[in-house]
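Chemist: my questions concern the predicted model and sequence given below.
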Amino acid sequence: MPDRQPRAIVFAGFLAGLGLTAALTGCSSTNPGGEASTLRIGAIPDQNPEKLNRLYDTLSDELSERLDVPVKYVPVSNYAAAVSAFRSGSLDLVWFGGLTGVQARLQTPGSQVLAQRDIDAEFTSVFIAHGASGLKPITSSDQLVQLKGKRFAFGSESSTSGRLMPQYFMKQNGVTPEDFAGGRPGFSGSHDATIAVVQSGAYEAGALNFQVWESQVEDGRVDPDKVAVIWRTPTYVDYHWVAGADLDQRYGEGFTNRLQQALIAIEPDTERRRTILDLFGAEAFIPAADGDYAAIEAVGRELGKIR
């Protein structure tokens, strides 16, 4: 893998002061017939299954062609299941969020970050509110206090952009989960579900991945008369590909590097590759390294999500 310096994590005042939907089994590098074993890829289920199946099935075809090994997408039921499957060796390559990627690597010695999208180095979350909530647009982070007493929804409990970083920024401004209505937040399970529960009025406000918000708006799935963005967070590093420790042993020396190169070589020069990048909401994948996520690890430890 290419040498590179860990990218600086940009956000104001930062660092100042984990069942599968299908049974998974391990496998060796070759089957009795001498054919290469299947490279199993997975992802945190941050959006609806239909979109995820289309995305990762298409990517599997692309990687299989580039690497000359069978590649299969194996869905998981939740964020924690993705981490568990990677730790057990049931998944070989996983698209993680910032927090889950750190959790997975810490639990899987020898695993490594390979790549991220061009948008992941400076990612953001958006806070949204229902029109009848009485919440006003936030122009300064200290105004986050107006969320106290409101029905507030995060996405998955292990989401970086839908829970970890929004909670961190609120904490920095005097708002804790206990300050929400009922003394705790709700968890929708995914970013698009957060939009749905706020738009319906079940929750007065919520936080989610900015990219999913913009995609849902573009697709006409958001009613601007019912829900709107009231605040965008400072930037932080987020999603990334993490590879298992034994890929070179199973597929031959240098395979992990070939896998990284296969990811970052995806350009919008064919219909399939354009589809992949479009579904990922990116223009390219770029190299990334473990050290890029040190700040996310620090926040995870501060908020008790990493021990």
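Modeler: Yep, that arrived.
Chemist: ok, longest helix in the chain?
Modeler: helix 49-67 (DSSP state H).
Chemist: what mean pLDDT does it get?
Modeler: Helix 49-67 shows a mean pLDDT of 97.
Chemist: where do the strands of the stretch 51-200 of the chain begin and end?
Modeler: 71-73, 93-96, 112-117, 125-130, 152-154, 186-187 (DSSP state E, counting those that start in this stretch).
Chemist: which one of the ones you listed lies nearest to Thr235?
Modeler: strand 125-130 (9.8 Å; CB to CB). All C-beta atoms are positioned from the backbone trio N, CA, C, and that covers glycine.
Chemist: same for that closest one, what does it pack against?
Modeler: Here strand 125-130 touches helix 165-171, helix 191-199, strand 205-209, helix 210-218, strand 227-232, going by 3 or more CB pairs under 8 Å, 6 or more residues apart in numbering; DSSP states H and E.
Chemist: one more pass at 10 Å, please.
Modeler: Using 3 or more CB pairs under 10 Å, 6 or more residues apart in numbering; DSSP states H and E as the contact criterion, the elements in contact with strand 125-130 are strand 152-154, helix 165-171, helix 191-199, strand 205-209, helix 210-218, strand 227-232.
Chemist: so where's this protein uncertain?
Modeler: Scanning the chain for pLDDT under 70 picks out 1-36.
Chemist: want to throw the strands of the stretch 51-200 of the chain into CSV with mean neighbour count and distance to Pro49?
Modeler: Putting those into CSV (neighbours: other CB atoms under 10 Å; distance: least, CB to CB, whole Å) gives the following:
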stretch, mean neighbour count, distance to Pro49
strand 71-73, 19, 11
strand 93-96, 25, 14
strand 112-117, 23, 21
strand 125-130, 25, 23
strand 152-154, 26, 20
strand 186-187, 18, 18
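Chemist: could the ones you listed go into JSON lines alongside distance to Thr176?
Modeler: Formatted as JSON lines, those follow (distance: least, CB to CB, whole Å):
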{"stretch": "strand 71-73", "distance to Thr176": "38"}
{"stretch": "strand 93-96", "distance to Thr176": "26"}
{"stretch": "strand 112-117", "distance to Thr176": "30"}
{"stretch": "strand 125-130", "distance to Thr176": "16"}
{"stretch": "strand 152-154", "distance to Thr176": "11"}
{"stretch": "strand 186-187", "distance to Thr176": "15"}
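Chemist: run through who's touching stretch 129-139.
Modeler: Contacting residues not belonging to stretch 129-139 are listed as 127-128, 143-147, 150-152, 173, 197-206, 223-232 [CB atoms under 10 Å, 6 or more residues apart in numbering].
Chemist: now the residues you listed: which count as buried?
Modeler: 127-128, 144, 146-147, 150-152, 197-199, 203-206, 227-231 (16 or more other CB atoms under 10 Å).
Chemist: mind listing the residues bridging to the residue nearest to Ile264 when sequence neighbours are not counted?
Modeler: Nearest residue to Ile264, sequence neighbours excluded (CB to CB, 6 or more residues apart in numbering): Phe285, at 4.9 Å. In this entry, Phe285 is beta-bridged to Arg117, by DSSP bridges.
Chemist: returning to what we had before: so which of the helices and strands packed on strand 125-130 is nearest Ser90?
Modeler: Proximity to Ser90 (CB to CB) singles out helix 191-199 among the helices and strands packed on strand 125-130, at 24.9 Å.
Chemist: got the CA positions of the closest one in CSV?
Modeler: This file holds the C-alpha atoms of helix 191-199, laid out as CSV (Å, rounded to 0.1, in the frame of the first residue of the first chain):
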residue,chain,number,x,y,z
HIS,A,191,-30.4,7.6,7.9
ASP,A,192,-33.4,7.4,5.5
ALA,A,193,-35.5,6.1,8.5
THR,A,194,-34.5,9.2,10.5
ILE,A,195,-35.9,11.4,7.7
ALA,A,196,-39.1,9.4,7.8
VAL,A,197,-39.7,9.6,11.5
VAL,A,198,-39.1,13.3,11.7
GLN,A,199,-41.1,14.0,8.6
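Chemist: which other helices and strands does that helix contact?
Modeler: If you count contacts as 3+ CB pairs under 10 Å, 6+ apart, helix 191-199 packs onto strand 125-130, strand 152-154, strand 186-187, strand 205-209, helix 210-218, strand 227-232.
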